[in-house]
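Q: output the structure for:
(2 chains)
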Number of protein chains: 2
Amino acid sequence: MKKFKLGIIGAGTVGSSLIQMIRNQKKTISEKFGIELSILEIATRTPSKVSGLIDCKISDDWKNVVNNSDVDIVIELVGGTTTAFEIASSCLKNKKTFITANKALISEKGNELFQLSLENKAEIGYEAAVAGAIPIIRTIRNGLGPNDFEYVAGILNGTTNFILTKMEVDGLDYSEALKLAQDLGFAEADPTFDVEGIDVAQKTAILANLAFGRSISMDKVSTRGITEISSHDIQSALEMGYRIKLIGIAKKIGTKLLINVQPVLISLNHPLSAIMNENNAVFYKTNFSGSGMLSGAGAGGNPTASAVLADIIYYANRKEIISANIEFMEKNIFSSAEYASSEDESSRYYLRFTTFDKPGVLSEISRVLGNNGISISSVLQDESIENEPTTVLITTHNTNQVNLAKSLEEIDKNRSIICEKTIAFPIIENL
Amino acid sequence: MKKFKLGIIGAGTVGSSLIQMIRNQKKTISEKFGIELSILEIATRTPSKVSGLIDCKISDDWKNVVNNSDVDIVIELVGGTTTAFEIASSCLKNKKTFITANKALISEKGNELFQLSLENKAEIGYEAAVAGAIPIIRTIRNGLGPNDFEYVAGILNGTTNFILTKMEVDGLDYSEALKLAQDLGFAEADPTFDVEGIDVAQKTAILANLAFGRSISMDKVSTRGITEISSHDIQSALEMGYRIKLIGIAKKIGTKLLINVQPVLISLNHPLSAIMNENNAVFYKTNFSGSGMLSGAGAGGNPTASAVLADIIYYANRKEIISANIEFMEKNIFSSAEYASSEDESSRYYLRFTTFDKPGVLSEISRVLGNNGISISSVLQDESIENEPTTVLITTHNTNQVNLAKSLEEIDKNRSIICEKTIAFPIIENL
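A: Got it, this is the predicted structure:
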């Protein structure tokens, strides 16, 4: 039986899960795939934590792993883009297969690494970087490979989906739901990366790269998080037949791509609206295979380690091809994408105005919207309390972001009627 | 660029789609996969239908394709298990990769073919045989490969799911919905294969084989179709919070497998209950990756052809490995499964009794159920019309099939109270 020798760098939650999984699933792996995996060397900040799990060389210096000439495949579970990039590039230059769960690294430094990969005939696996246990990378690349994509969209961050679920189901406000997520270990002490949509933006860029075969600059991914969403928005949306979800979407408009991350009111009839708690899902539409969705656990030690291990097996298998024939390298070097501008995209919108309770407010708002060619679909104003600010919810018919931004700028400037910045989210029936 | 030469046998809906797709997606395929595919020879019953689509050798004799020494990969789209088996075995003996969309062939003759595959170092691809465009074979085999499966369950037949949807949404009865499906081309003139669950049984057996790594005998797959489901059942189930779906499930009970196909009342909270019309979905649970679902188009020319083409690309790629190293053959030869009996499985049940409208009926039914250890969860009896048969709907708490069968046999024998055979479907909250 063919043997592959692994080097693992980083032994936190995912790393420890992976070490145990490789040990426990030896029989399954050899039965299903006809290969034997053995861990030859590990580097981790605190070797003492790992030494009980496995008997192999363990140090605190990643260079030992990357320079071990017997290691065939290196798994990087360090995170970030500095050390991780050094690890990746040294590894590829040493002609070792490089497997990672690091979405920041792939979305920001992918192009450089794919170039190194090609030059050195060493492949890169990153199934675990997007949507944890959901095998979406392999599905876009292989299962749906013959297709041209119309769009790929997803709920790609478990933390924010958990917070939105708790705000809806338990009626918590944003800060209470965030605190709960932190207490349960779903959110970091500094939650910026998740709640501002940066994590989703990185994952969406990776999906866009694969689905459309173009290299993507992160600065072209328009990104907005969930911090402006109120419980009132969530409940009002539900009453209108929508659920608010943080959606990352990459979509073809003509020959250009529109890529954005934002809270969206998505119809309760759409399958993405049913993805609750910390789950993830990716919904796609292609020319031949039509629409489809993959859903499952988006994070966690075992789900992520399982995706890493699936990559190890897949690329172990491919090492034999690559050494025989460079033509069979997976293609990752693509020309740059062209980007559509927000003028190219129109949508219905949900608008939340916080106004002073006095006559003429609604007529002024509707006048400005009308002047910018935006027609109103519905208006909902709660019973107001005298001298308290009043919330006016308006849904619009289709408009583009430029006209909308112009309108809201003009309305929000009018401090005699508006007390707070107006909030707008797109409304989507079908993606 | 590496070239692969294809031979296609059968040019009906899927075959014609495939021919056009290979022609139109040449650029996508070479960009994404670095290979060039060309169709060298086609065999079809009516060559004249294909000659306009493509310029290559076309005959009405499959032997021409299988014996063409320049053909690397043969695609069988004939169906059935007689000619298709001859094609498959000749093809493997000639060391050509064999790709098929034929679920009957794989579920019934798979073991023989996998043996031939191993002996001749020629691989078999059958992604298109289960759930059309949904890449479930590759997902179970690769994406979730490191996992042990607890179960895999699916809505695997578009025809029956379409019929059940129409019965619910448009209030049609079974025969009206079947007729509509036939008129729209979703059901055959003789619908037996679909409506009796045979198609689902074959697909479930294929999924079970891959998920559990055991060879499966079709005669161990307990199979029941949708013909006994009434509109009344569907509406009553909905009122109770369930939707009736035809579910194929393969599930581990200890070291044994339970594999069955049957209508099930599945909770409206379960994602499978939301799969409507002709769509398919597969829901799984594994030890590491947890639960997940894949959904999408289950049939149709383009979706199926796309799955076939994904297989062609995947196995083309692998031809290089196989020729280098037999150890890298995908493993398909497994020891036989052991099967759990229905006594090992317990479930809640939905029972529909058709009774004479007279005193003592309910007490007699509940007496017999009680004697067999089955306790009642709810009873629903519609307002009865004098001298007309009355429907009594009973849901039970957990019981096994043996006790249930014994009870229903005794109750149904009592012709003074029962007018028609009692119908029972399992109720499932979580699979």
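Q: buried ones in the longest helix seen in chain A?
A: Longest helix of chain A, by residue count under DSSP state H: helix A:301-324. For helix A:301-324, burial by neighbour count (16 or more other Cβ atoms under 10 Å in any protein chain shown) applies to A:301-322. Bear in mind the C-beta positions are built from the backbone N, C-alpha and C, glycine included.
Q: if I look at the most far-flung residue of chain A relative to its centre, how far off is chain B?
A: Distance from the centre of chain A peaks at A:Pro359, with 44.5 Å (Cα atoms, centre = their mean). A:Pro359 sits 46 Å away from chain B when distances are taken as Cβ to the nearest Cβ, to the nearest Å.
Q: coming back round to it: close to chain B, is the longest helix of chain A?
A: Yes: using Cβ under 8 Å from any Cβ of the partner chain, helix A:301-324 reaches chain B at A:302-303, A:305-307, A:309-310, A:313-314, A:317-318, A:320-321, A:324.
Q: so which elements touch that helix?
A: strand A:2-9, helix A:13-24, helix A:26-33, strand A:35-43, strand A:73-76, strand A:97-100, strand A:124-125, helix B:301-324 (3 or more Cβ pairs under 8 Å, 6 or more residues apart in numbering or on different chains; DSSP states H and E).
Q: C-terminal to it, what's the next element?
A: The first helix or strand that comes after helix A:301-324 along the chain, using DSSP states H and E, is strand A:346-355.
Q: which residue ranges of the stretch 101-250 of chain A form helices?
A: A:103-120, A:136-138, A:158-169, A:174-183, A:192-195, A:198-212, A:231-239 (DSSP state H, counting those that start in this stretch).
Q: with mean neighbour count as added columns, please give the ones you listed in JSON lines.
A: Rendered in JSON lines, the data for those read as follows (neighbours: other Cβ atoms under 10 Å in any protein chain shown):
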{"stretch": "helix A:103-120", "mean neighbour count": "20"}
{"stretch": "helix A:136-138", "mean neighbour count": "26"}
{"stretch": "helix A:158-169", "mean neighbour count": "23"}
{"stretch": "helix A:174-183", "mean neighbour count": "17"}
{"stretch": "helix A:192-195", "mean neighbour count": "19"}
{"stretch": "helix A:198-212", "mean neighbour count": "26"}
{"stretch": "helix A:231-239", "mean neighbour count": "17"}
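Q: and the residue farthest from the centre of chain A, that's in a helix?
A: No: A:Pro359 is assigned coil when assessed by DSSP: H, G, I helix; E, B strand; the rest coil, not a helix.
Q: hmm, A:Tyr339 is touching A:Thr255, no?
A: No: in terms of Cβ atoms under 8 Å, A:Tyr339 does not count as a neighbour of A:Thr255; the distance is 10.7 Å.
Q: pick out whichever of these two has more residues nearby.
A: A:Tyr339 (17 against 8; other Cβ atoms under 10 Å in any protein chain shown).
Q: any idea what that one is bridged to?
A: With DSSP bridges as the criterion, A:Tyr339 is bridged to A:Leu257.
Q: and it, how close does it get to B:Ile374?
A: With the distance defined as Cβ to Cβ, to the nearest Å, A:Tyr339 ends up 64 Å from B:Ile374.
Q: do A:Ala297 as well
A: 36 Å.
Q: same question, A:Leu351
A: Distance from A:Leu351 to B:Ile374, by Cβ to Cβ: 56 Å.
Q: OK, contacts around A:Asn400?
A: With contact set as Cβ atoms under 8 Å, 6 or more residues apart in numbering or on different chains, A:Asn400 has these partners: A:Ser342, A:Glu343, A:Asp344, A:Glu345, A:Ser346, A:Ser347.
Q: look up which helix or strand A:Ile259 falls in, please.
A: strand A:256-267.
Q: mind exporting that strand as PDB, just the C-alpha atoms?
A: Provided in PDB are the C-alpha atoms of strand A:256-267 (Å, rounded to 0.1, in the frame of the first residue of the first chain):
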ATOM      1  CA  LYS A 256     -18.400  41.400 -15.600                       C
ATOM      2  CA  LEU A 257     -18.500  40.200 -12.000                       C
ATOM      3  CA  LEU A 258     -20.400  41.700  -9.100                       C
ATOM      4  CA  ILE A 259     -19.200  40.500  -5.800                       C
ATOM      5  CA  ASN A 260     -20.600  41.700  -2.500                       C
ATOM      6  CA  VAL A 261     -21.300  40.800   1.100                       C
ATOM      7  CA  GLN A 262     -24.300  42.400   2.800                       C
ATOM      8  CA  PRO A 263     -27.400  41.700   4.900                       C
ATOM      9  CA  VAL A 264     -30.200  40.800   2.600                       C
ATOM     10  CA  LEU A 265     -33.900  40.300   3.100                       C
ATOM     11  CA  ILE A 266     -34.300  36.900   1.500                       C
ATOM     12  CA  SER A 267     -37.700  35.400   0.800                       C
END
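Q: great, nothing more from me.
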